[in-house]
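*Asks:* Build me a structure from this.
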Amino acid sequence: MNFKMPKDLKLAYQIELQKYKEFLAQNNDSMAWHHLERAHILGQYHPVSHTGVHFRMFVFGIRKLDGKEIYGQFVRMSFGWIGSLFNRIPVGNTGSASVPIFAPMPIPDDLKSLLWNADTEAKGLSGLKG
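*Replies:* Coordinates of the predicted model:
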């Protein structure tokens, strides 16, 4: 079970959230969303950070009056933490309601060193190796 986020991963997650806030304050929604997706890629392995990023995506959907995103994030926020708790998540998934909820996706090159033990070979739900 994944309860405690390693320090380097936690720092990178917090940096992505800070960048999200900065771009949101500048009304640059596309870059704000980009950093929320990156925060999701990093945070989805741990229940609290995973739920937290989906909550932010949910609020973003409300702000944009995007019904698909609001509904999609409500579902993800409600159940995603369970997958994190048991290390069964779609590695690399950006968390957006515009992508399939269980689809693994490539990890961006600059995040690979932080997620060196992610099971990128799996075809379905996986998580961190060993």
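*Asks:* how close does the nearest residue to residue 125 once chain neighbours are set aside sit to residue 80?
*Replies:* Distance criterion CB to CB, 6 or more residues apart in numbering; nearest residue to residue 125, sequence neighbours excluded, is residue 88 at 4.3 Å. To be clear about C-beta, it is placed using only N, CA and C from the backbone, and glycine gets the same treatment. When distance is defined by CB to CB, to the nearest Å, residue 88 is 10 Å away from residue 80.
*Asks:* show me where this structure has helices.
*Replies:* In the chain, the helices defined using DSSP state H lie at 7-25, 29-43, 47-64, 67-85.
*Asks:* any chance of the ones you listed in CSV, plus mean neighbour count and distance to residue 124?
*Replies:* Shown next, in CSV, are those (neighbours: other CB atoms under 10 Å; distance: least, CB to CB, whole Å):
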stretch, mean neighbour count, distance to residue 124
helix 7-25, 16, 23
helix 29-43, 20, 17
helix 47-64, 19, 18
helix 67-85, 17, 11
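*Asks:* Columns mean pLDDT and distance to residue 111 on top of those, output as JSON lines?
*Replies:* Below are these laid out as JSON lines (pLDDT from 0 to 100; distance: least, CB to CB, whole Å):
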{"stretch": "helix 7-25", "mean pLDDT": "97", "distance to residue 111": "7"}
{"stretch": "helix 29-43", "mean pLDDT": "98", "distance to residue 111": "6"}
{"stretch": "helix 47-64", "mean pLDDT": "97", "distance to residue 111": "14"}
{"stretch": "helix 67-85", "mean pLDDT": "95", "distance to residue 111": "17"}
